[in-house]
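> fold the following, please.
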Amino acid sequence: MRTQPHRRRRLTSWVALTTALALVLVACDADGPLVDVGDEDDTDTAAEDPAEAPEPEVEGPEGEPLKIGLVAALSGGAALFGVAAQNAAQLAVDELNEAGGVLGRPVEFVARDSQARPEEGVSQARDLILSEEIDMLLGPVSSGVALAITELAHEHEIPFIVHTSNTEALTNEEWHPYFASVVPNTGMEARAQGVDLAESGYTQWATISPDYEFGQRQTGTFVETITELNPDVEILQQQWPELGESDLDPFITSILGSGADAVYSPLFAGDLITFTRQAHDLGFFDRVYWTALYETDALQELGDEVDLEGVRAYSRCPFTIDTAQMADFVDRYMDRYDLVPSDWACMAYDAVMLWAQVVEAAGSADGQAFADNVAGFEFTSLRGETYIRDVDHQAAIGSYISELTWSDEFGMYIYPTAVPVPAEDIWLSEEEVLQARN
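Reported below is the predicted structural model:
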């Protein structure tokens, strides 16, 4: 049973903005107009035939720009995530400006490299807040960086929306009212896997996870969930490679020698790619049931070099989600970047659009206005209609699970079904969230 939030807000002014955006997208692509509106001699003919009349012009944004800042890993092993977020956020900002801006004002976008290091992330976020005077901050790739930044956003009352980093601490212990999340947090993601796998028939499990906040927290919740739901499950071994570890053979060999018949992993990006290649060379996938966070960027990078047909994968926002919004976005993103959008691109786009919708509804870009209006807010995401929960500003976004299959069209393995475990089934209750803050 879906738990309804006690307060919802439906955006009215956003209808005009999205209508204008739709008109712009029909008329333009990244290279300019696609529709020939004719010259002055055609005016009378167009007026006589409404079906051939040119689309109404969208009034351009004016005044002091609103600024969006992004702090993300734009270099190093996690750059796949950060660059994808940067691309999608820029696309969203350009589309907003083409549609008349936000509150009639232009939107600017500034991106900074956190290098996946908390101290660098804080330094870059502080400069964006104090020097660039940003109106909204997009979240980083690393949960460790996000935890370092969130206090700064709170202090300066800057809306802080995470779309990749997802430690549950952000919605629980370290939560503040200027925060919002459009990515399922670590607890939600791990519980989804535990619930789905508890009756899989596999009882001898091992895990391999990145050794920092995200990996530790998500793996802990997975183990807690699957063992609680199925007392026959045993965790025979847990491996904790450092981020960016280039030689994973010892970890793989140890797991294969543990007797485990199934392995769970939240490895991601370059680390997951490295693991997949080295595990394949050691015959790993022929000997154990394997499930991992295979997102689009990793699958694109791997191509067909490893047979992943039928591998159970989980993801946060695969581009194969069956919504009209997603299909339209995929077309626009591919036209712009000649790539299918990754999970991180899709969620960064959602983050920008959530902020824009809340600002339009509030009639103000002030941080306090955002905090007051985002709780219970309904918005249209690429994943469909959803809402922001009051207690923690977590979007009601599920965790997607599918068996991978090869696609000749895209030249990569994809999620053919992309069915989510609903958020309401996997997030903590409001009482549990409040208890975690005490």
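
> so, low pLDDT: which residues of the chain?
Along the chain, the parts satisfying pLDDT under 70 run over 1-58.

> care to break it down by domain?
Taking automatic domain parsing as the criterion, the chain consists of the domains 66-184+321-397, 188-315.

> quick one, which of the ones you listed gets closest to E431.
domain 66-184+321-397 (9.1 Å; C-beta to C-beta). Heads up, the C-betas are built off the backbone N, CA and C, glycines and all.

> what's the helix or strand containing M188 packed up against?
M188 is part of helix 186-197 when elements are defined by DSSP states H and E. Where contact means 3 or more C-beta pairs under 8 Å, 6 or more residues apart in numbering; DSSP states H and E, helix 186-197 is packed against helix 213-229, strand 262-265, strand 312-315, strand 399-403, strand 419-421, helix 423-426.

> save these as a markdown table, and put in distance to D135 and mean neighbour count too.
Output for the helices and strands packed on helix 186-197, formatted as a markdown table (distance: least, C-beta to C-beta, whole Å; neighbours: other C-beta atoms under 10 Å):
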| stretch | distance to D135 | mean neighbour count |
| --- | --- | --- |
| helix 213-229 | 28 | 20 |
| strand 262-265 | 38 | 26 |
| strand 312-315 | 30 | 23 |
| strand 399-403 | 31 | 21 |
| strand 419-421 | 31 | 18 |
| helix 423-426 | 28 | 19 |
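
> right, and those - which one's nearest V102?
helix 423-426 (26.8 Å).

> may I see the buried residues of the following helix or strand past the closest one?
Counting by DSSP H and E, the next helix or strand C-terminal to helix 423-426 is helix 430-436. Buried residues in helix 430-436, counted by 16 or more other C-beta atoms under 10 Å: V433, A436.

> tally of neighbours for E309?
11 (other C-beta atoms under 10 Å).

> one more: Y212?
Neighbours around Y212, by other C-beta under 10 Å: 17.

> now it. Nearest residue, chain neighbours left out?
What sits nearest to Y212 in space, not counting adjacent residues and going by C-beta to C-beta, 6 or more residues apart in numbering, is G144, at 5.5 Å.

> now the host helix or strand of that neighbour against helix 186-197, angle please.
Element membership for G144, per DSSP H and E: helix 143-156. Interaxial angle, helix 143-156 versus helix 186-197 (axes from the mean of the first three to the mean of the last three C-alpha atoms, to 10 degrees): 140 degrees.

> so which residues make contact with the next helix or strand after the helix holding M188?
The first helix or strand that comes after helix 186-197 along the chain, using DSSP H and E, is strand 204-208. Residues outside strand 204-208 that contact it (C-beta atoms under 8 Å, 6 or more residues apart in numbering): 219, 222-223, 226, 233-241, 251-252, 255, 258-265, 267, 275, 288.

> ramachandran angles for L236?
phi -80, psi -30 (degrees, to the nearest 10).

> quick check: it touching G259?
Yes - look at L236 against G259 with C-beta atoms under 8 Å: they come within range, at 5.8 Å.

> higher neighbour count, those two?
When neighbours are counted by other C-beta under 10 Å, L236 comes out ahead of the other of L236 and G259, with 16 against 11.

> contact partners for that one?
Q204, W205, A206, S258, G259, A260.

> could I get those as JSON lines with distance to A324?
Below are these laid out as JSON lines (distance: C-beta to C-beta, whole Å):
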{"residue": "Q204", "distance to A324": "43"}
{"residue": "W205", "distance to A324": "39"}
{"residue": "A206", "distance to A324": "41"}
{"residue": "S258", "distance to A324": "46"}
{"residue": "G259", "distance to A324": "48"}
{"residue": "A260", "distance to A324": "42"}
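
> can you flag the buried ones in these?
Of the contacts of L236, these count as buried by 16+ other C-beta under 10 Å: Q204, W205, A206, S258, A260.

> tell me which element the fourth one falls in.
If I follow you right, that is S258. Counting by DSSP H and E, S258 is part of no helix or strand.

> separation between it and Q238?
Separation of S258 from Q238 (C-beta to C-beta, to the nearest Å) stands at 10 Å.

> ok, now the first one?
Distance of Q204 to Q238, given as C-beta to C-beta: 13 Å.

> G283: neighbour count?
Neighbours of G283 using other C-beta under 10 Å come to 11.

> quick check on it: phi, psi?
phi 70, psi 20.

> N172 touches A436, doesn't it?
Yes - counting by C-beta under 8 Å, A436 is a contact partner of N172 at 4.0 Å.

> which neighbours do the two share?
L428.

> doesn't G121 belong to a helix?
Yes - read with DSSP: H, G, I helix; E, B strand; the rest coil, G121 is one of the residues of a helix.
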